[in-house]
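Chemist: return atomic coordinates for the entry below.
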Amino acid sequence: MIVLVPAYEPDGKLVQLVSDLRATGAVRGIVVVDDGSGARFRPVFDDVARLGAVVVGFAANRGKGAALRRGLAEVARRWPGEDVVCADADGQHRVADVLRVGERVSDGEGAVVLGARAFAGDVPVRSRLGNTVTRWLFRAATGLRVQDTQTGLRGYPASMIGWLLDVRGDRYEYELNVLLSAAREGRPVVEVEIETIYLDDNAS
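Modeler: Prediction:
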């Protein structure tokens with residue numbers, strides 16, 4: 001399993017994530033995409049590179065969708081045939097949940113695997129409302145029941161990477177487009193429940 005982390009202006013939480021992932025011994029590689037963060041954030045990317053992550057990226061900000069595709073292309077080039085799990089850089093995904101998503105991908109179902117938050121406890125109102133609206137609109141458009149359409153923790157089998165590189169959208173719409181394309185093409189989508197973590201009222 002390869003872990004892909006798109007990052008824009010990250011802090012020490014990205015370094016901790018990479019360190020913790022490496023410590024598990026369960027991850028074959030980590031790709032971090034610098035989405036045009038600028039020189040001020042170079043020390044963070046240098047730190048994760050020293051920990052063994054492959055760092056690639058853009059000179060100027062291109063958006064999360066573009067960063068994900070850049071990272072997926074790097075995964076396919078360096079580790080052909082390896083499944084990939086995408087995680088966010090802001091500390092909202094536990095390492096245990098990243099591994100659980102990866103284990104579900106490796107089950108061989110050939111499905112998109114979503115790390116689905118339960119939205120229990122102290123969840124910012126805008127986050128709860130935004131996901132509820134998107135969930136219902138997605139169901140109305142596709143007929144599929146998905147608990148968490150906005151999760152950034154997602155797993156994909158290696159066989160899907162070529163398809164993912166063709167999905168359009170350079171910014172946050174990319175992840176929703178992936179789900180819409182999967183529904184349209186009959187690709188299976190499954191969910192694994194993960195812990196709901198919001199930091200600083202989901203300021204990131």
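Chemist: CA atoms for contacts and neighbours, from now on please.
Modeler: Noted.
Chemist: N131: what secondary structure?
Modeler: helix (DSSP: H, G, I helix; E, B strand; the rest coil).
Chemist: ok, now how distant is it from A116?
Modeler: 11 Å (CA to CA, to the nearest Å).
Chemist: now the residue sitting nearest the centre point of the chain: closest residue in space that isn't a chain neighbour?
Modeler: With distances taken as CA atoms, centre = their mean, C86 lies nearest the centre of the chain, 3.0 Å away. Leaving aside its sequence neighbours, C86 sits nearest to L4 (CA to CA, 6 or more residues apart in numbering; 4.7 Å).
Chemist: doesn't E82 make contact with that neighbour?
Modeler: No: assessed by CA atoms under 8 Å, L4 is found out of contact with E82, at 11.8 Å.
Chemist: neighbour count winner among those two?
Modeler: When neighbours are counted by other CA atoms under 10 Å, L4 and E82 differ, and L4 comes out ahead with 29 against 18.
Chemist: helix/strand/coil for A116?
Modeler: Applying three-state DSSP to A116 yields a three-state assignment of strand.
Chemist: who does it bridge with?
Modeler: For A116, the beta-bridge partners are E193 (DSSP bridges).
Chemist: tell me the spacing between it and P157.
Modeler: Taking CA to CA, one finds A116 at 18 Å from P157.
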